[in-house]
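Student: need the 3D shape of this:
(one chain, ligands or ions: 2)
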Amino acid sequence: ESINFVEVTATGETQTYEEQQDAFAPVPVAVVIKNGRSSWVDYYWENPETKELVYQGKIDPRGTTATSSYVGHVFVFTPMKKSTKKAFARIEIKADKNLYILPLGKKNRKEKDLKYYQSLLEEEIFVEEYKKKTGKPIQCIWGGNKSKPKKWLAHYPRSPPILHMWSANHVGQTHHVTSNEYYWTCIPDDITDANAVQQCRDNKPLSITLQVLSTDPKVFQIDNVTSLLCVLECVYHTKVLSEVEADLVISLAKPKIKRSLAGTHGGLVSNTRTSKNTWIDRNEHAVMETLYRRAADILNVSESILYPTKNVEQLQVVIVFPFHQQKQHKLNMSSRVLFASHHDFGADGNPQQRMITLLFYLNNQASPNAGGETIFPKAKDGPLKAHPGKGNAVLFYSMLEDGNADDSSLHAALPVKEGEKWIGMSFPYFRKSCKCFHFVCLCEWQ
Ligand SMILES: O=C(O)CCC(=O)C(=O)O
Ligand SMILES: [Fe+2]
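Tutor: Ligands and ions are numbered 1, 2, ... in the order given. Okay, here's the model as predicted:
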C-alpha cells in the first residue's frame with residue numbers, strides 16, 4: 001500500500017508524491033500505564049506472533065510507566081511477589097486511548113487505596129473528555145508526588161516564539177525575522193583580535209525566513225535570504241548558519257565524538273552505535289555565542305535565558321552513518337532512537353520540559369537519494385518529510401498551547417544511505433515558575 005506525503009527540499013519547494021506505507025508504519029502510540037495498587041507489579045508484552053510473554057519490567061507501588069506501543073498490542077500484569085504470578089490485568093492498546101489504569105486487587109481495598117484509585121479514575125475521565133473536546137490525546141500528565149497534589153495540565157504563555165498565530169490555512173506562508181547577529185564567514189585564529197574578528201564577520205543584519213510547513217504539528221523551516229537593496233543579488237540565498245558556522249560546529253564536535261570512541265569509560269563508548277553524539281556549550285567558542293543569540297532572535301526570547309542553567313540544553317550534535325555501515329553493527333536502543341519515531345518531550349509529564357526543537361542541518365545530503373530526512377508521520381495534512389540542507393534548520397513545537405505535549409510532533413529520521421549526516425539540536429524549555437492550581441499549572445519562561 002502506498003500513501004501520499006509532502007517533501008520539502010533544500011530550496012523550500014514542496015512536492016507531493018507516493019511512498020510505500022511501511023516507510024512510516026507502524027506508527028507508535030505513546031502509552032501511560034498507572035498502577036492503582038500500593039504494591040509492586042511486573043508487566044509483560046505479549047508477542048503478537050508467538051503469544052509468548054516478554055518481560056518488560058516492574059511498576060512501583062502507585063507508580064507510572066510510559067512506553068511506546070502499537071495498536072492491538074497486548075500487555076499483561078502480575079503481582080510481583082506472589083509465587084503464583086497469576087495475571088490480574090490484560091490491556092490491549094487502542095488507537096485513541098493513551099492512559100491505562102491497573103485495577104485494585106480484592107485485598108487492597110483499604111480506604112486509602114480506594115481514594116487513590118478513585119483519583120486515577122477521575123484522571124481517566126479528564127483525559128477522555130479532553131480527547132473528546134480537542135481530538136488530541138493527553139501526553140503530558142504531571143503526576144506530582146506523594147506530598148504534592150496531581151497537576152494534569154500546564155499552561156504556557158505562547159508569546160515567545162512567533163508562532164501561536166499560525167493556523168491551518170497558513171501552510172506555505174512565510175514570516176520574517178531580523179537577527180542582529182552577524183554571519184561568520186571565516187574563523188579568526190585569534191578570536192580576541194578585533195581586526196581579525198571584523199574581517200571574519202559579515203556586517204549585515206540577517207533577514208531570516210520562517211516557512212510554515214505544517215500547523216499540526218507546528219513545523220517551520222528556517223532559512224535566510226539576505227535582505228539587500230539590490231538588483232541581481234536578491235536571488236542570492238544564504239542560510240541560518242553560514243557554511244563556516246556549520247563547519248565550525250562539526251569541527252567542535254568531532255574531537256569529542258572521536259575521544260568518546262577511543263575512551264575506556266563513559267556512556268558514549270560503543271561500537272554498536274550507528275549514531276554518535278556530543279554536546280557543545282555556548283561558551284565553547286565565540287561562534288557558538290552567535291548561534292545562541294541568533295536562535296534567541298528566531299524564537300523571540302531573550303538571549304539571556306538560553307543557558308543550560310536556565311532554559312535550554314547544550315547544543316546536541318549527532319552524526320549518523322550510512323545504512324550499510326549500520327548493518328555491520330548490532331542496532332541497539334540508543335541508535336534506534338534516532339531512526340524510530342519518537343517525541344522529544346519527556347513522558348514523565350513534568351511541565352518543566354522541552355517545548356521546542358530547533359534542528360540545524362550541518363551538512364548536505366550526499367545526493368538527492370542519500371536519505372537522512374526528518375519525517376513527521378502524524379502531520380495533519382499527511383506525512384511530512386524535510387531535509388532543508390546545510391546551514392538551514394527545522395523548528396517544531398513539542399508542546400501545545402495548553403501545555404499538553406503534542407502527539408503529532410512525533411518524528412523520525414530516515415536511514416542515511418550515502419555519506420554522513422550531521423545535525424545540531426537545541427531544545428529550549430520552560431524551567432521554573434510553574435504556579436499550579438487544581439488541574440492546571442501556569443508556567444513562565446524564567
Ligand atoms: O536526525 C533527525 O533528523 C532527527 C533527530 C531527532 O529527532 C532527535 O535526535 O531527537
Ligand atoms: Fe527528535
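
Student: contacts and neighbour counts: CA atoms only from here.
Tutor: Will do.

Student: okay, and the beta partners of W184?
Tutor: R201 (DSSP bridges).

Student: so where's the stretch 101-250 of the chain shaky on pLDDT?
Tutor: The stretch 101-250 of the chain contains residues with pLDDT under 70 at 108, 139-172, 216-218, 220-238.

Student: quick one, helices of it?
Tutor: For the stretch 101-250 of the chain, the helices defined by DSSP state H, counting those that start in this stretch cover 111-134, 194-200, 243-262.

Student: any buried residues in the first one, and which?
Tutor: Just to be clear, that refers to helix 111-134. Within helix 111-134, the residues scored as buried using 16 or more other C-alpha atoms under 10 Å are 113, 117, 120-121, 123-124, 127-128.

Student: packing partners of the strand ranked longest in the chain?
Tutor: Longest strand in the chain by number of residues, with DSSP state E as the criterion: strand 206-215. Counting contacts by 3 or more C-alpha pairs under 8 Å, 6 or more residues apart in numbering; DSSP states H and E, strand 206-215 is packed against strand 174-179, strand 218-224.

Student: skip the chain neighbours and tell me the closest residue to whichever residue of the chain sits closest to ligand 1.
Tutor: Nearest to ligand 1, among the residues of the chain, is T374, at 4.0 Å (C-alpha to the nearest ligand atom). Closest residue to T374 apart from its sequence neighbours, by C-alpha to C-alpha, 6 or more residues apart in numbering: A413 at 4.4 Å.

Student: cool, E46 as well?
Tutor: L53 (4.6 Å).

Student: ok, the one you found - contacts?
Tutor: L53 sits next to 44-47, 76 when contact means C-alpha atoms under 8 Å, 6 or more residues apart in numbering.

Student: please redo it, this time with the cut-off set to 7 Å
Tutor: By C-alpha atoms under 7 Å, 6 or more residues apart in numbering, the contact set of L53 is 44-47.

Student: one step back: same list (the helices of the stretch 101-250 of the chain) but as CSV, adding distance to ligand 1.
Tutor: Formatted as CSV, those follow (distance: least, C-alpha to the nearest ligand atom, whole Å):
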stretch, distance to ligand 1
helix 111-134, 26
helix 194-200, 30
helix 243-262, 15
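
Student: want to throw the ones you listed into a markdown table with distance to G63?
Tutor: What follows is the helices of the stretch 101-250 of the chain, written out as a markdown table (distance: least, C-alpha to C-alpha, whole Å):
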| stretch | distance to G63 |
| --- | --- |
| helix 111-134 | 11 |
| helix 194-200 | 55 |
| helix 243-262 | 35 |
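
Student: am I right that D297 is in a strand?
Tutor: No. Secondary structure of D297, determined by DSSP: H, G, I helix; E, B strand; the rest coil: helix, with no strand assignment.

Student: not counting sequence-adjacent ones, nearest residue to it?
Tutor: That would be S179: by C-alpha to C-alpha, 6+ apart, it lies 5.5 Å from D297.

Student: again, but for G105
Tutor: Closest to G105 by C-alpha to C-alpha, 6+ apart is R37, at 7.4 Å.

Student: again, but for I101
Tutor: Closest to I101 by C-alpha to C-alpha, 6+ apart is K34, at 4.9 Å.

Student: quick one, the longest strand of the chain and strand 174-179 angle?
Tutor: 140 degrees (axes from the mean of the first three to the mean of the last three C-alpha atoms, to 10 degrees).

Student: what about the nearest residue to D281 once chain neighbours are set aside, neighbour count?
Tutor: In this structure, D281 finds its nearest non-sequential neighbour in Q314, 5.2 Å apart by C-alpha to C-alpha, 6+ apart. Burial of Q314 is recorded as 22 neighbouring residues (other C-alpha atoms under 10 Å).

Student: what's Q314 in contact with, if anything?
Tutor: Applying C-alpha under 7 Å, 6+ apart, the residues contacting Q314 are 279-282, 308, 426.

Student: equivalent analysis for D381, please.
Tutor: No contacts exist for D381 under C-alpha under 7 Å, 6+ apart.

Student: list the buried ones in stretch 308-316?
Tutor: For stretch 308-316, the neighbour count (16+ other C-alpha under 10 Å) marks 310-316 as buried.

Student: the residues you listed: which two are farthest apart?
Tutor: K310 and Q316 (16.2 Å; C-alpha to C-alpha).

Student: hmm, back to that, how close does the residue nearest to D297 get to T64?
Tutor: 44 Å (C-alpha to C-alpha, to the nearest Å).
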